[in-house]
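[1] what's the 3D shape of this:
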Amino acid sequence: LNAPVYYEHKQRQETKEFKEIYKERAAQERKNGEMKNFHGLDRAEGYGLRSVSSQTKLTAIAVNLKRIAKIISST
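    Next up is the predicted model:
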């Protein structure tokens, strides 16, 4: 264990700036996890960057439409 590096990192984690950035990241990770676990983004359906990019965009659209439908149905 490299104690000085660990101490510096631990001090950085206590800053307000780090906590704000981490809060945003945590929200993003939740959404990515949903797309991976429930919408098939854990495995590429095709080959190549173009195919994976299309799959990612379509998955994001599907998840966003699902969220919109939930908001509309709850009002």
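[2] could I have stretch 10-22 exported to CSV, CA atoms only?
    Taking C-alpha atoms only, stretch 10-22 is exported to CSV below (Å, rounded to 0.1, in the frame of the first residue of the first chain):
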residue,chain,number,x,y,z
LYS,A,10,-8.7,10.2,0.3
GLN,A,11,-8.3,14.0,0.8
ARG,A,12,-9.4,14.7,-2.7
GLN,A,13,-12.5,12.6,-2.2
GLU,A,14,-13.6,14.8,0.7
THR,A,15,-13.7,18.0,-1.5
LYS,A,16,-17.0,19.5,-2.5
GLU,A,17,-15.9,19.5,-6.2
PHE,A,18,-15.3,15.7,-6.1
LYS,A,19,-18.6,15.0,-4.4
GLU,A,20,-20.5,17.0,-7.1
ILE,A,21,-18.7,15.2,-9.9
TYR,A,22,-19.3,11.8,-8.3
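[3] What strand or helix carries the residue positioned nearest the centre of the chain?
    The chain has E29 as the residue nearest its centroid, 2.8 Å off, counting by C-alpha atoms, centre = their mean. Taking DSSP states H and E as the definition, E29 sits inside helix 16-38.
[4] Against Y22, how distant is the residue nearest to the centre of the chain?
    10 Å (C-beta to C-beta, to the nearest Å). Where C-beta positions appear, they are placed from N, C-alpha and C, glycine not excepted.
[5] same question, E45
    32 Å.
[6] What are the buried residues along the strand or helix carrying R67?
    Using DSSP H and E, R67 maps to helix 49-74. Neighbour-count burial for helix 49-74, counted by 16 or more other C-beta atoms under 10 Å, picks out 55, 59, 63.
[7] What is the nearest of these to K16?
    Comparing the buried residues of helix 49-74 against K16 with C-beta to C-beta places V63 closest, at 30.7 Å.
[8] Enumerate every residue touching the closest one.
    Residues near V63 by C-beta atoms under 8 Å, 6 or more residues apart in numbering: 31, 34-35, 39.
[9] Can you get me a residue count around T75?
    Applying other C-beta atoms under 10 Å, we find 4 residues neighbouring T75.
[10] Could you report the distance from it to K66?
    From T75 to K66 the distance is 16 Å (C-beta to C-beta).
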